[in-house]
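J.: Kindly generate the corresponding structure for this input.
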Amino acid sequence: MPNTDTTPLNQTVSEEMDMFVSIGKIPANAQVTVADTGWTEEEIERMRARGYDGIDMISAWYS
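T.: Model prediction:
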């Protein structure tokens, strides 16, 4: 007997992810740094290993 997948087509699978959210406004003249992103040192090091610099990391955080 063939193995049949019985998962409904409309069922989606999502991965869990820790996420930090700022509630409120960031002042226009605020200086946001990589430390403000809430990413762990491991995540920051992985991004640096892939060629990201601080500006790239902040841009990714905003998007």
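
J.: Where does pLDDT dip in the protein?
T.: Within the chain, the stretches falling below the threshold (pLDDT under 70) are 1-24.

J.: hmm, try it at 50
T.: Along the chain, the model assigns pLDDT under 50 to no residue.

J.: What segments of it are helices?
T.: Along the chain, counting by DSSP state H, helices occupy 41-49, 54-62.

J.: so which of those helices gets nearest Ala30?
T.: Ala30 lies closest to helix 54-62 among the helices of the chain, at 11.5 Å (C-beta to C-beta). Every residue, glycine included, has its C-beta placed from N, CA and C.

J.: Let me see the residues that make contact with the closest one.
T.: Residues outside helix 54-62 that contact it (C-beta atoms under 8 Å, 6 or more residues apart in numbering) are Val32, Thr33, Val34, Thr37, Trp39, Ile44, Met47, Tyr52.
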